[in-house]
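Undergrad: no sequence on hand, only this structure:
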């Protein structure tokens, strides 16, 4: 859902402006909001991918723990890069 909102962000701005939703329109136009939206799109895409990896007939607890460990390592790595000021993408999963 968030990815659709992000893809349609220009249309959403037009819609909000036409509906005279000035406060929402101004918030939606802010660069910080757009960056936050992009980050959340990437994050939830990664969470959805993790969810898909944890489903299926031929999975077991060992495979699940490996997938979850890899995912958490990516989160920690991303956090370290963010704190150091080196970000190549919003969420590298």
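TA: That came in fine, so what should we check first? The shown structure was predicted, so the numbers you read here are calculated from the model rather than taken from an experiment.
Undergrad: burial check on residue 49, number of neighbours?
TA: Taking other CB atoms under 10 Å as the criterion, the count of residues near residue 49 is 13. (Each C-beta comes from the backbone N, C-alpha and C, glycine too.)
Undergrad: residue 67 too?
TA: Using other CB under 10 Å as the criterion, residue 67 is surrounded by 15 other residues.
Undergrad: quick one, helices of the protein?
TA: The residue ranges that make up the helices of the chain, judged by DSSP state H, are 2-7, 9-18, 22-29, 31-53, 61-84.
Undergrad: okay, now the unreliable bits of the chain?
TA: Counting by pLDDT under 70, the chain has low-confidence residues at 85-93.
Undergrad: what residues of stretch 36-52 count as buried?
TA: 37-38, 40-43, 46, 50 (16 or more other CB atoms under 10 Å).
Undergrad: ditto for stretch 11-28
TA: Taking 16+ other CB under 10 Å as the neighbour-count basis, stretch 11-28 is seen to contain the buried residues 12, 16, 25, 28.
Undergrad: present those residues as TSV; the columns should include distance to residue 3.
TA: Converted to TSV, these look like this (distance: CB to CB, whole Å):
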residue	distance to residue 3
12	13
16	19
25	21
28	16
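Undergrad: and the two most separated of those?
TA: By the measure CB to CB, these have their two most distant members at 12 and 25, which lie 9.1 Å apart.
Undergrad: for residue 6, give its distance to residue 38.
TA: Going from residue 6 to residue 38 by CB to CB, to the nearest Å gives 6 Å.
Undergrad: what does residue 10 give?
TA: Plainly put, residue 10 is 14 Å away from residue 38 if you go by CB to CB.
Undergrad: what does residue 83 give?
TA: Computed as CB to CB, the residue 83 to residue 38 distance reads 19 Å.
Undergrad: got it, and residue 28?
TA: Going from residue 28 to residue 38 by CB to CB gives 13 Å.
Undergrad: got phi/psi on residue 60?
TA: The phi/psi pair for residue 60 (degrees, to the nearest 10) reads phi -140, psi 170.
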